[in-house]
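Asks: show me how the following folds:
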Amino acid sequence: MEGPSLIRNYHNMGKRKYTYTADSEEAAAGNPMARLALALLLLIVVIAIAYFVWRRARNRGSRYEELETVELTRGKDAEEERTPARTPPTETAAAAAAAPPLPPPAEVPRPIVAPAVQYGPLELRRREGGDGVHCWQSLHPSEFEVRGANYLRDGKKLPSDQTSSLLAVELFQAGDTVYNVAGRPGAPTASLAARATEHPIRSVLVVNLVIPAVEGVYQLVLYFGVWAGDEGSGHAVLLERFCSGSDAFRNARFKILPNVSEGSWLVKNGVGSRPAILGKSLKQRFHRGDGYFEVDVDCNSSPAAGRVVSLVKSYAKSLVVDLGFVIEAQSASELPERVIGCGRLAHIELSDGRIPSFEDHCGV
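Replies: Purely as a prediction, here's the structure:
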């Protein structure tokens, strides 16, 4: 009983399910307007969503474009500040074609390098700063006061300008006085132009001081390079007149300016610092050669000068002595005076073992 009943119930349930599905399909197929309305509604919703998304994207895009424009503008302004204004290519090319050609780049002047000095056997060594013994040193002429441009009216003396350089100093011992030292073969005269690295020179002035020794004489020879470039000045004309004038004129004009910058009071007081006309009390000789003029001064030809020389010789090793030389100006056209040569001698040793012999080195 139970088996047939179950089968019959299952069969009836299948009929009911089939009937329900068929009814639903018929209901849906029987109302096409509802389906159309539903489709339209979905389409409108999709269109609305798409329109909303498009508007939002457009607004965001315009904002990005504004920001990008601002950044580009700022970058362009900054670039214009860093980069100078440029001429358009056509104008630049035209200007370059019309402008004259640029000159070649100027050569950078090279510093003057002083050549190595080849000292002669009779020369003293040059003192290069610091302390030194038995040597010489260049000295600026402003250390000496000479007659100024208005000296004839006001009597004032002023520091001298520079018109020469001390280029070499010789010190030797000789059995007899050697005159015209600068004209001998092997003298420094020929090499002085190459040594004048400070300023070109036009001539050489030589002062040969003859000092008495126990046997024979000592000779201190100073070589001054006279600067070129002021040939028309009053002091240059006076120097030329001195070199080409008479011995009487030379003896009346050639002055020495002594000064003991280091040494005992006794020597400083004995030497003094007042200018002195050498030709008034000492014998002098003059020689004019090729490019040089020499003054030979016999320092023992006067008793008073001999005593001063003897005093200096006794203390020479402890002294630093400055010497300047001037041609005295006596008219307005010759003023102002200029020191024509000056130098410093430091701790000179006047001993036979230190001073070379002229005869030994010059083959006399």
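Asks: per-residue confidence for Ala116?
Replies: The model reports Ala116 with a pLDDT of 63.
Asks: sorry, wrong one. I was asking about Ala93.
Replies: For Ala93, the predicted pLDDT is 52.
Asks: same question for Asp352.
Replies: 72.
Asks: which residues of the stretch 101-250 of the chain score low on pLDDT?
Replies: 101-117, 130 (pLDDT under 70).
Asks: going along the chain, name the strands of it.
Replies: For the stretch 101-250 of the chain, applying DSSP state E, counting those that start in this stretch gives strands covering 125-126, 135-137, 145-147, 157-159, 164-174, 201-212, 217-227.
Asks: what's the answer for the stretch 251-364 of the chain, then?
Replies: 254-262, 276-277, 283-289, 292-298, 320-327, 339-346.
Asks: the fourth one pairs with which strands?
Replies: As defined by DSSP bridges, the strand partners of strand 292-298 come to strand 201-212 (parallel), strand 283-289 (antiparallel).
Asks: so who does the closest residue to Asp247 other than its chain neighbours touch?
Replies: Excluding its sequence neighbours, the residue lying closest to Asp247 (C-beta to C-beta, 6 or more residues apart in numbering) is Phe286, at 6.3 Å. Using the backbone N, CA and C atoms, a C-beta is placed for each residue, glycine as well. Applying C-beta atoms under 8 Å, 6 or more residues apart in numbering, we find Phe286 in contact with Asp247, Arg250, Phe293, Glu294, Val295, Asp296.
Asks: any chance of those residues in TSV, plus distance to Leu238 and neighbour count?
Replies: Shown next, in TSV, are the contacts of Phe286 (distance: C-beta to C-beta, whole Å; neighbours: other C-beta atoms under 10 Å):
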residue	distance to Leu238	neighbour count
Asp247	16	11
Arg250	12	21
Phe293	13	21
Glu294	18	22
Val295	15	22
Asp296	21	21
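Asks: is it possible to export the strands of the stretch 251-364 of the chain to JSON lines including mean pLDDT and distance to Val204?
Replies: What follows is the strands of the stretch 251-364 of the chain, written out as JSON lines (pLDDT from 0 to 100; distance: least, C-beta to C-beta, whole Å):
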{"stretch": "strand 254-262", "mean pLDDT": "96", "distance to Val204": "16"}
{"stretch": "strand 276-277", "mean pLDDT": "96", "distance to Val204": "23"}
{"stretch": "strand 283-289", "mean pLDDT": "97", "distance to Val204": "9"}
{"stretch": "strand 292-298", "mean pLDDT": "98", "distance to Val204": "4"}
{"stretch": "strand 320-327", "mean pLDDT": "97", "distance to Val204": "13"}
{"stretch": "strand 339-346", "mean pLDDT": "97", "distance to Val204": "10"}
